[in-house]
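1. sequence unknown, structure follows:
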């Protein structure tokens, strides 16, 4: 009988209420894939959260891969799950990441292999916790929001597109509900908070 594989989950997060490092963030944006750069420029109000999320992803992926990851190495397929471009789409042996932001909070969860989905929702109502779990499952499977009703929340996890996922509620964000869903068991969670200045430091 094969042993169940487990792994470390990396969760980098930041608070957007800090001083925004304008020059460093602009320099970071210039290193994004062209289409993502255009998207950021077109949605100025959401740009800080988007840029912080991608910067967190770069940090978290470097941690799980043990190698430097450049912003331009991330792929953001239209309507698909963001991924590390050097990893084959949908490959369960490849590193995976998931970004979420709500209110002042932004974070990125990453694993060395398997699937991961992360969601944070501002507010503490039970329905928001359930929604965070549902959306984390959708993100893990690369599913669209339109498929939310097809996600089955079960004890300790969820089922999405035929995949059974394990839930890890996250209690790092004051006044918010957050959840991570993974396709492989998580042996250890390593959470790291970064200030915005630290996040965009070269």
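-> Noted; the coordinates are in hand. Computed from a predicted model, the values in this text were never measured in an experiment. Residues are numbered from 1 along each chain as shown.

2. could you use CA atoms for every contact and neighbour count after this?
-> Will do.

3. average pLDDT across the longest helix along the chain?
-> What stands out as the longest helix in the chain, according to DSSP state H, is helix 47-65. Mean per-residue pLDDT for helix 47-65: 97.

4. identify each buried residue in that helix, please.
-> Within helix 47-65, the residues that qualify as buried are 47-64, counting by 16 or more other Cα atoms under 10 Å.

5. likewise for stretch 116-124?
-> 116-123.

6. ditto for stretch 161-170
-> 164-170.

7. which of these fall within strands?
-> Among the buried residues of stretch 161-170, DSSP state E puts 164-170 in strands.

8. mind putting these into CSV with pLDDT?
-> As requested, those are exported to CSV (pLDDT from 0 to 100):
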residue, pLDDT
164, 97
165, 98
166, 97
167, 97
168, 95
169, 91
170, 95
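
9. tell me the one of the residues you listed nearest residue 138?
-> Residue 138 has its nearest neighbour among those in residue 165, at 10.3 Å by Cα to Cα.

10. show the contacting residues for the closest one.
-> 137, 157-159, 181-184 (Cα atoms under 8 Å, 6 or more residues apart in numbering).

11. please repeat the previous calculation with a cut-off of 6 Å.
-> With Cα atoms under 6 Å, 6 or more residues apart in numbering as the criterion, the residues that contact residue 165 are 157-159, 181-183.

12. bridged to it, which residues?
-> Going by DSSP bridges, residue 165 is paired in beta bridges with residue 158.

13. distance check, it against residue 172.
-> From residue 165 across to residue 172, the span is 21 Å (Cα to Cα, to the nearest Å).

14. ditto for residue 138
-> Residue 138 is 21 Å from residue 172, by Cα to Cα.

15. of those two, who's got more company?
-> residue 138 (28 against 14; other Cα atoms under 10 Å).

16. the more buried one is in what secondary structure piece?
-> Under the criterion of DSSP states H and E, residue 138 resides in helix 126-141.

17. so which bits of that helix are buried?
-> 128-129, 131-141.

18. rebuild these as TSV, extending it with pLDDT and distance to residue 41.
-> TSV is the format used below for the buried residues of helix 126-141 (pLDDT from 0 to 100; distance: Cα to Cα, whole Å):
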residue	pLDDT	distance to residue 41
128	95	30
129	95	32
131	96	29
132	97	28
133	97	30
134	97	30
135	97	26
136	98	27
137	98	29
138	97	27
139	97	24
140	97	27
141	95	28
